[in-house]
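Undergrad: Below are the sequence and a predicted model for it; my questions follow.
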Amino acid sequence: MQQILSHLTQTEHGFKHIIAAGDDMLGDNSLNHFDVAQQLIKHETYQGRMLGTYLLGDMAARNPSAFDVLKTTVSRDDNWRVQEMLAKAFDRYAKTMGYEEALPAIANWLSDSNPNVVRAVIEGLRIWTSRPYFKENPAVAVSLISQHSAHESEYVRKSVGNALRDIRRKYSDIVKQETRNWDIADPRVLFTHKLVYK
């Protein structure tokens, strides 16, 4: 594992090298993937923590403990690259579960007090309406995302605005109907609104 990490830390940008290393590790049945992932998310390098997050995302749909670690531990990491991998991990979970079947988890994470947890869902499922279930039910996606138009975190509001702008390209009427009711006198809502219609 040390050799893998040494190689990973030589690359500072992107996700492909992390994913490739993760897939190699997942193919090694001699490893206890959950234990390895738990060690990695405490690693001093963000690349190591990204790798641990990727492994947890792979097993999250079949291992509730792995899913819980993503939400309770990985979401507290202060490195933005790890948070990007958390978003990918959540999408991996939802894809494996089936997006409709994952709706309770999606709602649960969206109601969390940690902005990183909320953002992982909004960012992870972009473009929402290219995903099964949401492709057929775009209004559900718009409703779920829009509940955070006034979120106290600018980081989350930026994700909300960008996600809705994605959807607006194909379902402008649904997004217009939703945003028509927004209170743009609220500076936070106005910030999000501007991003939607950028």
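TA: Looks like it arrived, so ask away.

Undergrad: drop to CA atoms for contacts and neighbour counts, all remaining ones
TA: Noted.

Undergrad: how about the longest helix anywhere in the chain: buried residues?
TA: The longest helix of the chain (DSSP state H) is helix 80-97. Judged by neighbour count using 16 or more other Cα atoms under 10 Å, the buried positions of helix 80-97 are 81-96.

Undergrad: need the contact list for the closest residue to Leu125 other than its chain neighbours.
TA: Excluding the flanking residues, the one nearest Leu125 by Cα to Cα, 6 or more residues apart in numbering is Asp91, at 5.7 Å. Asp91 is in contact with Val121, Gly124, Leu125, counting by Cα atoms under 8 Å, 6 or more residues apart in numbering.

Undergrad: ok so, going back, what is the subsequent helix or strand relative to the longest helix of the chain?
TA: Later in the chain than helix 80-97, the nearest helix or strand by DSSP states H and E is helix 103-110.

Undergrad: now the angle between helix 80-97 and that following helix, please.
TA: For helix 103-110 against helix 80-97, the angle by axes from the mean of the first three to the mean of the last three Cα atoms, to 10 degrees is 160 degrees.

Undergrad: And helix 103-110, what's buried?
TA: Those would be Ala105, Ile106, Trp109, Leu110, for helix 103-110 by 16+ other Cα under 10 Å.

Undergrad: helices or strands next to it in the packing?
TA: helix 115-124 (3 or more Cα pairs under 8 Å, 6 or more residues apart in numbering; DSSP states H and E).

Undergrad: Let me see the mean pLDDT of the helix it packs on.
TA: Helix 115-124 shows a mean pLDDT of 98.

Undergrad: got a list of contacts for the helix or strand just after that helix?
TA: Counting by DSSP H and E, the element after helix 115-124 in chain order, helix or strand, is helix 138-146. Residues outside helix 138-146 that contact it (Cα under 8 Å, 6+ apart): 107, 110, 122, 128-129, 134, 160, 163-164, 167, 171, 174-175, 178.

Undergrad: Narrow those residues to just the buried residues.
TA: Buried among the contacts of helix 138-146 (16+ other Cα under 10 Å): Leu110, Ile122, Trp128, Thr129, Phe134, Val160, Ala163, Leu164, Ile167, Tyr171, Ile174, Val175.

Undergrad: Sketch out the low-pLDDT regions of this structure for me.
TA: Flagging of the chain using pLDDT under 70 yields the residue ranges 1-13.

Undergrad: what about 90?
TA: 1-15, 17 (pLDDT under 90).

Undergrad: With that, I have no additional questions.
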